[in-house]
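Predicted coordinates and the sequence they were generated for:
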Amino acid sequence: MKSIDTIYIKSQFVTPHGTERFTLVDPVTEQEAAHLILADKVDADNAIAAATSAYHELAGSSRDYEFERQVASARVRMESLGVVGLITPWNANYGMICSKLAMALPLSWAANRPRCCSTMRILTRPCR
């Protein structure tokens, strides 16, 4: 049986601060598929801090892009707001993940998705 004991933060797999264990069950066979350690608030804060750091490092990388446009009779200015943490169920399909990213990417948010969570909610924190 597979054991998942790391989470992905700041471009590397690290041991989570959380200690709660969880057993994944295959919905087809109803057999245990894997054991894992769940991330906790400290892990989420670390992921958000890493994304915030990456956000600030990459903030100037799109200087050639026009952030102000005329749309019909309105002048539209696209301005980045910060980092968003997307938490999805462990068995989320790509459609759910993409729909969350679709809300974040047009606003130039840096996203970090913890892979082993059993709840779904969106956390935002400004980066100013």
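Yes, it's here.

Can you show me the helices along the protein?
Secondary structure of the chain (DSSP state H): helices located at 41-58, 94-104.

Of those helices, flag the one that's most buried.
Comparing the helices of the chain by mean neighbour count (mean count of other C-beta atoms under 10 Å), helix 41-58 ranks first with a mean of 16. Quick note: C-beta positions are derived from backbone N, CA and C, even for glycine.

Rounded mean pLDDT for it, please.
What helix 41-58 shows for mean pLDDT is 89.

again with stretch 7-14
Confidence for stretch 7-14, expressed as mean pLDDT, is 91.

first to last residue in that stretch, what's the distance?
Distance between the two ends of stretch 7-14: 5 Å, counting by C-alpha to C-alpha, to the nearest Å.

Now it: buried residues?
Of the residues in stretch 7-14, 7, 9 count as buried by neighbour count, 16 or more other C-beta atoms under 10 Å.

looking at the helices of the chain, which is closest to residue 21?
Checking those against residue 21 by C-beta to C-beta gives helix 41-58 as the closest, at 14.4 Å.

now the closest one, how far from the chain's geometric center?
Distance of helix 41-58 from the chain centroid (C-alpha atoms, centre = their mean, to the nearest Å) equals 10 Å.

With stretch 58-67 instead?
Worked out by C-alpha atoms, centre = their mean, stretch 58-67 lies 22 Å from the chain centre.

now stretch 27-40
20 Å.

any chance of the helices of the chain in JSON lines, with distance to residue 5 too?
Formatted as JSON lines, these follow (distance: least, C-beta to C-beta, whole Å):
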{"stretch": "helix 41-58", "distance to residue 5": "13"}
{"stretch": "helix 94-104", "distance to residue 5": "22"}
